[in-house]
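Asker: sharing a sequence plus its predicted fold:
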Amino acid sequence: MPAQLSYPGVYIEELPSGVRTITGVGTSVAAFVGAAPRGPIDKAVRLFSFADYERRFGGLAVDSEMGYAVRQFFQNGGTEAYAVRVVSSASTAETTLVSAGAVSVLKVQALDAGSAGNGIEVRVDHRSGIPGSTFNLAVIRASDNAAELYENLSMNSADSRYALDLVNGVSQLVKLTRLSNQAALDALPKGLASSDTLGDLATVLDANHNELRISVNGLPSVKVVIALPADIGAGTVNQKIESLCAAIQSKVRAQANSQAAYASFICERPSSTQTIRMLSGTTGEFSSVRVLPGQKNNASSVLKLGSAAGGLEVDAVAAIRPKPVPDPATLTSTVFASADLDTLPDATHTSLRISLDGYGPDVINLGDTPAAGANLAAKLASIAERLQAAVRALKPANPAYKQFSVSVLGGTQLQLATGTQGGASSLALTAAPLNSIAADLRLLAGAVTGQPVNLTLLGGDETPYGAANLYPAFIADRSTRKGLYALESVDLFNILCLPGITDTGVLMDAAAYCEERRAFFVIDSPPAAVTPEQMVAVVSGTDLPKSDHAAVYYPWLFIADPLKNGKLRLTPPSGTIAGLYARTDGDRGVWKAPAGTEASLVGVQALSHVLTDGENGSLNPLGVNCLRTFPVYGAVSWGARTLRGADQMTSEYKYVPVRRLALFLEESLYRGTQWVVFEPNDEPLWAQIRLNLGAFMNSLFRQGAFQGKTPREAYLVKCDRETTTQDDINRGVVNILVAFAPLKPAEFVVIKIQQLAGQIQV
């Protein structure tokens, strides 16, 4: 609407020109449906090269004609395609990851159903940014060296590193499912943060180290400023830690602001330790404690709080975190009696020899100070700490030693584990030459060695389609978009190929679907039709759809098979012909017949039957497009008729280029006139329609798409009172008439030769 004129002056208005450019759609986007070694089932995958097909579907396979057809398509000039993998039925390979408590917590399924998912290896380790809570997941498919690594994953659905969010939809190999139900999540323990062992706080806390931040349950952090010396008090080391814990707890709770996680926050010194432990005030999936550096005068580092400072942060979901797999090589002692460590180590029981992953053996010394602790479990923990530290110090740059761990099982056993995973992981322990303590630590006689076992996905299976189930596999339930109807998710395709599929029922339905989608169907001749006489019988009967949206090509081709060192393989021609269509469209236009001496078939080394002119002459009038071999030119396409191209049918869409040009016009005009809907249906609209459609048709005329010397002879665009009556207007209808004069291929070139008689002078 014009601007409202309210003050004297100059007003500027922009007026629409009514020009809406119509862009011609692509004409050579091919769709292939068939078998493949792997890949998604009943899902159309977009391809821009054969390398894309290899990555997604596994490349060539002896029992897959689709792979060879796609390869031929791109070799012959194709640039864009879709591929749909079809099977009769399939199950998905999977495995289950368990927690340290042997509870199933995470299901890992192959992304693609079928046997191709079997053997995908899954590895888990806890060498992450927050070792007490998060984990790393590696997925490996050895068959094509595909590997994916996801680091610092959490089982907390509110975390930005939530495992399912980071893997599902991103991974090309697997998808994850969390197995814990809501009741199990609600019952998870409180998240905690714990420091490493501390000394005298008075020596580490000062005016430059008195501030830290604490975040509970992922909520905004609160700042804690330690008042010195009041908050650490006086007395023993333990008393100072307890005083500081009480001060931190009080300061955090004072900033709770109605948040239960902060209002019930706990900071304490666990008995028999010199550490600080912080607990969230609530339980459940989201329970966690994070200690962050202070914005200035940071104290978290000197208090050894936070993962970065050597502390431990264990979220509630650490209880449902998958344990490391494959397990590292382990050595588990026999059970200790309650008094076994009362006096050990001592001066004559200090050393043992250990070898990790084939390195060593190295002698380590645990010292002669007896294990500290009030009971067996505490003494075992003391020995475990010493042994772990001594081994790690041997080769700190070697992962097997750097990540070496010793844990206490049930308060009565020691378990040693190398720091690496996989088949190369190993652990061996022997008595030291002098002052050996190996036998006293129950690590020799009766000790159990655990070897790593790779965890792989299993259970994937598939039933390929065959003669008995061909129709249900290809023409499946349209509502669920299976089989051929997986192409429902594709916005545009122009050429359909079902490589090697010659079942009459499938061909009939596929041809009908092409008519619906304004696409062209390239059909392979039946492999049983070896001779021209057999092909005449096929095309004369009811085996092929009599559709002008389809064309059949005969005979089959021989190409070099890379899987058999170049040995010739008999393959259907549809993929090669689809590539020829694409090359011809790009070089000359969709109105040029994809046939003739320039229609060479790249990669074709021979034909299954070499046709003579007479045999070609028996097939061409019936609408069969023959593939021929000529000296110099090699293998070429020598026909351009649709399956309604038989002379007796007298179809106006007898020729492939005429039908494909019409489909191109229909699709382009359908998409280019969407703006017309709901516009005022009167002469201004009709004028815009004539302008825009006329400009589009004229551009095609100038490219040589139509017959005629002038635009008037070549095409017609009519939209006025004659095409759209008042009754049409009342019903909301606008009628547009677009007519064109197609170019027809010169199938028969007749050259007349005549001798001239001598000139008679009169």
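Answerer: Nice, thanks for sending it over. Residues are numbered from 1 along each chain as shown.

Asker: near Tyr115, how many other residues are there?
Answerer: Quick fix: residue 115 is Ser, not Tyr. By other CB atoms under 10 Å, 18 other residues sit near Ser115. (Glycine included, C-beta is placed from N, CA and C.)

Asker: excluding chain neighbours, what is closest to Ala550?
Answerer: Excluding its sequence neighbours, the residue lying closest to Ala550 (CB to CB, 6 or more residues apart in numbering) is Phe521, at 3.9 Å.

Asker: and His126, by the same measure?
Answerer: Residue nearest to His126 in three dimensions, not counting chain neighbours: Phe135, with 5.4 Å by CB to CB, 6+ apart.

Asker: go on, Tyr513?
Answerer: Computed as CB to CB, 6+ apart, the closest residue to Tyr513 that is not its neighbour in sequence is Leu484, at 6.2 Å.

Asker: hang on, that neighbour in a helix?
Answerer: Yes: checked against DSSP: H, G, I helix; E, B strand; the rest coil, Leu484 lies within a helix.

Asker: pretty sure it contacts Phe32?
Answerer: No: Leu484 is beyond contact range of Phe32, at 11.0 Å (criterion: CB atoms under 8 Å).

Asker: report the set of residues contacting both of these two.
Answerer: 84, 498 (CB atoms under 8 Å, 6 or more residues apart in numbering).

Asker: break the chain down into its structural domains.
Answerer: As assigned by automatic domain parsing, the chain contains the domains 30-86+465-658, 90-182, 192-319, 331-451, 676-762.

Asker: and the first one, average pLDDT?
Answerer: Confidence for domain 30-86+465-658, expressed as mean pLDDT, is 96.

Asker: could you do stretch 688-704 as well?
Answerer: 95.

Asker: which residues does it contact?
Answerer: By CB under 8 Å, 6+ apart, the list of residues contacting stretch 688-704 from outside reads 18-22, 24, 589, 591, 668-669, 672-673, 676, 706, 708, 711, 714-715, 717-720, 734, 736, 738, 740, 743.

Asker: just checking, which of those residues belong to helices?
Answerer: Per DSSP state H, helices hold the following members of the contacts of stretch 688-704: 668-669, 672, 711, 714.

Asker: picking that back up, who's more crowded, Leu484 and Phe32?
Answerer: A count of neighbours by other CB under 10 Å puts Phe32 above the other of Leu484 and Phe32, at 29 against 25.

Asker: quick check: bridge partners of the more buried one?
Answerer: Ala83, Cys497 (DSSP bridges).

Asker: my guess is it contacts Glu80. True?
Answerer: No: distance between Phe32 and Glu80: 11.8 Å, which falls outside the contact criterion (CB under 8 Å).

Asker: where does the stretch 201-350 of the chain have low pLDDT?
Answerer: The stretch 201-350 of the chain contains no residues with pLDDT under 70.

Asker: mind listing the helices for it?
Answerer: 237-253, 260-263 (DSSP state H, counting those that start in this stretch).

Asker: now tabulate the ones you listed in TSV and tack on distance to Val453.
Answerer: TSV is the format used below for the helices of the stretch 201-350 of the chain (distance: least, CB to CB, whole Å):
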stretch	distance to Val453
helix 237-253	43
helix 260-263	40
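
Asker: just put these in a markdown table and tack on distance to Leu568 and mean neighbour count.
Answerer: Output for those, formatted as a markdown table (distance: least, CB to CB, whole Å; neighbours: other CB atoms under 10 Å):
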| stretch | distance to Leu568 | mean neighbour count |
| --- | --- | --- |
| helix 237-253 | 78 | 18 |
| helix 260-263 | 72 | 18 |
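
Asker: among those helices, which is nearest Gly367?
Answerer: Of all the helices of the stretch 201-350 of the chain, helix 237-253 sits nearest to Gly367, with 21.7 Å by CB to CB.

Asker: now the residue sitting nearest the centre point of the chain: how far from Val677?
Answerer: In the chain, the residue lying closest to the centroid (CA atoms, centre = their mean) is Gln172, at 3.1 Å. Distance, Gln172 to Val677, using CB to CB, to the nearest Å: 40 Å.

Asker: let me see the contact set for the nearest residue to Ser264 once chain neighbours are set aside.
Answerer: Counting by CB to CB, 6+ apart, Ser264 lies nearest to Gly281, which is 2.8 Å off, once chain neighbours are set aside. Gly281 sits next to 190, 216, 260-266 when contact means CB under 8 Å, 6+ apart.

Asker: ok so, going back, of the helices of the stretch 201-350 of the chain, which is nearest Ala3?
Answerer: Across the helices of the stretch 201-350 of the chain, closest to Ala3 is helix 260-263 (CB to CB), at 57.5 Å.

Asker: just the C-alphas of the closest one, formatted as CSV.
Answerer: The C-alpha trace of helix 260-263 is given here as CSV (Å, rounded to 0.1, in the frame of the first residue of the first chain):
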residue,chain,number,x,y,z
ALA,A,260,17.7,-27.5,47.8
ALA,A,261,21.0,-28.6,46.3
TYR,A,262,22.8,-25.7,48.0
ALA,A,263,20.6,-25.5,51.1
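
Asker: which parts of the stretch 601-750 of the chain are helices?
Answerer: Secondary structure of the stretch 601-750 of the chain, counting by DSSP H, counting those that start in this stretch: helices at 613-619, 656-672, 683-702, 711-714, 726-730.

Asker: most tightly packed of these?
Answerer: A comparison of the helices of the stretch 601-750 of the chain by mean neighbour count, using mean count of other CB atoms under 10 Å, puts helix 656-672 on top with a mean of 21.

Asker: by how many degrees do that helix and helix 683-702 diverge?
Answerer: Angle between the axes of helix 656-672 and helix 683-702 is 150 degrees (criterion: axes from the mean of the first three to the mean of the last three CA atoms, to 10 degrees).

Asker: quick one: distance of helix 656-672 to the chain centre.
Answerer: 34 Å (CA atoms, centre = their mean, to the nearest Å).

Asker: closest one to Pro8 among the domains of the chain?
Answerer: domain 676-762 (31.9 Å).

Asker: residues contacting Leu580?
Answerer: Applying CB under 8 Å, 6+ apart, we find Leu580 in contact with 76-77, 594, 599, 601, 637.

Asker: which of these fall in strands?
Answerer: Taking DSSP state E, the ones among those that sit in strands are Ser637.

Asker: out of the contacts of Leu580, which is most surrounded?
Answerer: Pro594 (28 neighbours).

Asker: hmm, it is touching Tyr581, no?
Answerer: Yes: Pro594 is within contact range of Tyr581, at 5.0 Å (criterion: CB under 8 Å).

Asker: grab the nearest non-local neighbour of Ala36.
Answerer: Among residues not flanking Ala36 along the chain, Phe57 sits closest, at 4.0 Å (CB to CB, 6+ apart).
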